[in-house]
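Novice: What follows is a predicted structure for the sequence shown.
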Amino acid sequence: MSKHQISLLLNGQPIEAMVEPNMSLLEVLRVEAGAPEVKLGCGEGVCGTCTVLLDGDPVNSCLLFAVQADGREVTTVRGLAGDVELHPLQQSFLEHAGSQCGFCTPGMLLTAKWYLDGHPTAGREELRGALAGNLCRCTGYTKILDAVEAYRDSLAEVSHVD
């Protein structure tokens, strides 16, 4: 198979890689781009562990060919925050014990951020539905939803102040 040159923005930084046509975006992010925060879970698009934002929308990077990301923007959980401080949603996960082993946390964070960006007043059941594609085997989801709701509520408080 012949390799293809791809270019993408990873957390705001340009990345170029030579990839096989059948390489997944997950593989390129972890191996070629040095983004170990993107985790391999099921490898079948069922668990959400490998979730990244592609041009702002959540995708399972294990199911996407790297060549499909050529010329696009990819955000991993590392791209949520600045170099020093956590994103407020990440901070909420810490404060509310929203992660235990942490394996599902990157996908949960990215999916929750994406959903709340478009649905800032979503209720608990809506949030549960939005996160349904992200499996957690440790927490039972209660603390994850508590963390997401606390973040949502903090956004509402900020918007009332403005």
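Specialist: Yep, it's here. Residues are numbered from 1 along each chain as shown.
Novice: CA atoms for contacts and neighbours, from now on please.
Specialist: OK.
Novice: and Ser154, how far is that from Ala147?
Specialist: Here Ser154 is placed at a distance of 11 Å from Ala147 (CA to CA, to the nearest Å).
Novice: between these two, which one's more packed in?
Specialist: Set Ser154 next to Ala147 and count neighbours by other CA atoms under 10 Å: Ala147 wins out with 25 against 15.
Novice: Endpoints of stretch 48-60, how far apart?
Specialist: Termini of stretch 48-60 sit 6 Å apart (CA to CA).
Novice: Show me which residues of that stretch are buried.
Specialist: 48-54, 58-60 (16 or more other CA atoms under 10 Å).
Novice: same thing with stretch 107-126?
Specialist: By neighbour count on 16+ other CA under 10 Å, the buried set for stretch 107-126 is 107-116, 120.
Novice: Now name the helix or strand holding the residue nearest the centre of the chain.
Specialist: Nearest to the geometric centre of the chain sits Leu110, at 3.1 Å (CA atoms, centre = their mean). Taking DSSP states H and E as the definition, Leu110 sits inside helix 105-118.
Novice: In the chain, where's the longest helix?
Specialist: Ranked by residue count, the top helix of the chain under DSSP state H comes out as helix 142-161.
Novice: Remind me what that one packs against, helices and strands.
Specialist: Contact here means 3 or more CA pairs under 8 Å, 6 or more residues apart in numbering; DSSP states H and E; on that basis helix 142-161 packs against helix 88-95, helix 124-130.
Novice: Make TSV from those helices and add distance to Ala17 to it.
Specialist: Listed next are the helices and strands packed on helix 142-161 as TSV, based on distance: least, CA to CA, whole Å:
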stretch	distance to Ala17
helix 88-95	30
helix 124-130	32
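Novice: Figure out which of the ones you listed is closest to Asp70.
Specialist: Across the helices and strands packed on helix 142-161, Asp70 has its closest neighbour in helix 124-130 (26.9 Å, CA to CA).
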